[in-house]
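A.B. asks: this one's sequence-less:
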């Protein structure tokens, strides 16, 4: 298991959350818990940079949906960036590739 690390960066389009490690039953609450303190304004795009995500179980999937709901409540968009192939496969199986825009590179979201 890889410990979860979440780093927040500001980008012109909105905040970027870099998620590293395992997003699972034991760690998904950390992602949900940081949402109330996240400054997100209407029209912004919250980007989740998943380049360093090593594992995602059903609790992690649920946390991603919670993030999407939070962004929508703030009238903001959300996108996933640099999704590793093994995580993208899971997202496709559960259909989340149809509700999350996918960006090829997380670094482009920072500029």
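C.D. replies: That came through, no problem. All figures in this text were calculated on a predicted structure; none of them were measured in a lab. Numbering: from 1, shown residues only.

A.B. asks: Counting by contacts, list what the longest helix along the chain packs against.
C.D. replies: Assignment by DSSP state H gives helix 58-73 as the longest helix of the chain. Contacts defined by 3 or more CB pairs under 8 Å, 6 or more residues apart in numbering; DSSP states H and E place helix 58-73 against strand 14-23, helix 28-34, strand 45-56, strand 77-81, helix 85-94. Quick note: C-beta positions are derived from backbone N, CA and C, even for glycine.

A.B. asks: Arrange those in JSON lines, one row each, with mean neighbour count, distance to residue 7 and mean pLDDT as further columns.
C.D. replies: Below are those laid out as JSON lines (neighbours: other CB atoms under 10 Å; distance: least, CB to CB, whole Å; pLDDT from 0 to 100):
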{"stretch": "strand 14-23", "mean neighbour count": "21", "distance to residue 7": "4", "mean pLDDT": "96"}
{"stretch": "helix 28-34", "mean neighbour count": "15", "distance to residue 7": "11", "mean pLDDT": "95"}
{"stretch": "strand 45-56", "mean neighbour count": "21", "distance to residue 7": "9", "mean pLDDT": "96"}
{"stretch": "strand 77-81", "mean neighbour count": "22", "distance to residue 7": "13", "mean pLDDT": "96"}
{"stretch": "helix 85-94", "mean neighbour count": "14", "distance to residue 7": "18", "mean pLDDT": "95"}
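
A.B. asks: is it possible to export those to CSV including distance to residue 62?
C.D. replies: As requested, the helices and strands packed on helix 58-73 are arranged in CSV below (distance: least, CB to CB, whole Å):
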stretch, distance to residue 62
strand 14-23, 10
helix 28-34, 7
strand 45-56, 10
strand 77-81, 15
helix 85-94, 10
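
A.B. asks: what about those, which gets the closest to residue 104?
C.D. replies: With CB to CB as the measure, strand 77-81 is the member of the helices and strands packed on helix 58-73 nearest residue 104 (7.5 Å).

A.B. asks: Which other helices and strands does the closest one contact?
C.D. replies: If you count contacts as 3+ CB pairs under 8 Å, 6+ apart, strand 77-81 packs onto strand 45-56, helix 58-73, strand 102-103, helix 106-110.
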